[in-house]
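# quick one: sequence plus predicted model below, questions after.
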Amino acid sequence: MTPSDPLDTAEGRLATGLAVVPYVLLAVSVGLALLTGDISGDHRFGVLGLSALAAGWTLWMVTLHPAWMVNGKAAGLYIAGLVAFVAALGLLSPWFAGFYAFTGYVHSWHLLRGRWRIAGVVATAAAAVTGYFGGLPGPDPAVISSYVLVIVAIVILVVLFSLFGDMTADQSVRRKKMVDQLAEANSKLEETMRENAGLQAQLLLQAREAGATDERQRMAREIHDTLAQGLAGIITQVQAAARAKHDPVEWQRHLDYAARLARDSLAEARRSVHAVGPWELESARLPEALADVVKRWEGIHGVRAEFATTGPARPLHPEVEVTLLRVAQEALANVGKHAGAARVGVTVSYMDDVVTLDVRDDGAGFIPGAHSGGFGMTSMRQRVTRLAGSLEIESEPGGGTAVSATVPAQEPR
């Protein structure tokens, strides 16, 4: 249970007190009038009767039917009756003018609107002062002046205290609105924080999934571009060695190539696990690394392969160089497995904004789109696309194949 606001509790008690005060003041006035002997025995019944009527008037008009007081005419009628009771009872005993008249001041100010509030206060003050004076003042100017001055003083005091009370009430209302607004803002903030927490958890989950997918794709590309190609080359060399078993020199050459491929594949596998770049780029730039790849491929496959560079070579971002090197290796591996080519050319071209790698062969060729090209083609395209580059493949049956990869010439940071 939320603890209640102390100010709200105090305001509730004040409202209850104001609802009871008219009856308490009337009872006090009746008691003082009867106990002090201000009225004769003949008038006692009149005081009790008028007091009962006054209490009934307030009970019926205000306590039992508070909604009536929203209507200005009903409120005006009630105040007129209340002033009449104050005047009549005040004439019977000044105690009513001193105590019960307070009800007229409070109800006039709170139930009437605009200038009618002042009018109600003035009428109540006039009725109370008339009771004090025992009736209307005579023709004596001094008495009349006193009569008027007392009324004016009472009106001024009542208006000042009422205005002060209104200011306090307005501040209380504004404070409540501010508290409600702060509570609403806090509720919205908490809701927003909960939504943000949910979104953050969702984004973290998506980031983890994306990271895991990215890592799987990276490992798949690395395995294909290193282990798969290396194993394929080893198988090719072992088969060639088996065919050349009667030629010791050729047999040994193929076994040496197979052993070299095995060592290189093992080293590349270790580097892939640790996300380290290719060993070809450790001590050489891209042109030198590509030239070495082409030379080794030529020695393994026995196919004439040429490498060329156009444009001024310059250092590039490591990821750019790795991408172009892997594309070259995959394209050459495809030539060795499928093309049956007699000649291969590899060219890297440095331009202002981009770098282009071209791998061309005069082999059997194929119909682009007739088959997917396997994971190797997908791996090349993924690598190039990650750098906002493009991969184009041109081929036709009997016309050879041209693979062209273009990536932004991003320099090292």
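Yes, it's here. Keep in mind that this is a model prediction, so the values were computed, not measured.
# how far out from the middle of the chain is the helix or strand hosting Ser145?
Following DSSP states H and E, one finds Ser145 within helix 141-222. Helix 141-222 sits 18 Å away from the centroid of its parent chain (C-alpha atoms, centre = their mean, to the nearest Å).
# for stretch 20-34, same thing?
Offset of stretch 20-34 from its chain centre (C-alpha atoms, centre = their mean): 61 Å.
# just the buried residues of it, please?
For stretch 20-34, burial by neighbour count (16 or more other C-beta atoms under 10 Å) applies to 22, 25-26, 29-30, 32-34. Every residue, glycine included, has its C-beta placed from N, CA and C.
# residues in contact with that stretch?
Here stretch 20-34 makes contact (C-beta atoms under 8 Å, 6 or more residues apart in numbering) with 38-39, 44, 47-48, 51, 54-55, 58-59, 62, 89, 92-93, 95-96, 98-100, 102-103, 106-107.
# domain ranges for the protein?
Per automatic domain parsing, the structural domains of the chain span 6-136, 284-413.
# as a check, name the ranges of all helices in this protein.
Here the chain has its helices, by DSSP state H, at 6-35, 41-58, 72-92, 94-95, 101-111, 115-133, 141-222, 229-243, 248-273, 286-301, 318-334, 374-386.
# dump those helices into TSV; add distance to Ser395 as well.
Below are those laid out as TSV (distance: least, C-beta to C-beta, whole Å):
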stretch	distance to Ser395
helix 6-35	84
helix 41-58	105
helix 72-92	96
helix 94-95	119
helix 101-111	96
helix 115-133	98
helix 141-222	22
helix 229-243	20
helix 248-273	27
helix 286-301	19
helix 318-334	10
helix 374-386	11
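# now those helices in TSV, with mean pLDDT and distance to Gly345?
Shown next, in TSV, are those (pLDDT from 0 to 100; distance: least, C-beta to C-beta, whole Å):
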stretch	mean pLDDT	distance to Gly345
helix 6-35	77	89
helix 41-58	85	112
helix 72-92	90	102
helix 94-95	86	123
helix 101-111	88	102
helix 115-133	88	103
helix 141-222	78	25
helix 229-243	71	20
helix 248-273	68	22
helix 286-301	87	9
helix 318-334	88	11
helix 374-386	78	18
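# nearest to Pro412 among those would be which one?
helix 318-334 (7.0 Å; C-beta to C-beta).
# show me what that closest one is packed against.
On a contact count with 3 or more C-beta pairs under 8 Å, 6 or more residues apart in numbering; DSSP states H and E, helix 318-334 meets helix 229-243, helix 286-301, strand 343-350, strand 354-361, helix 374-386, strand 401-408.
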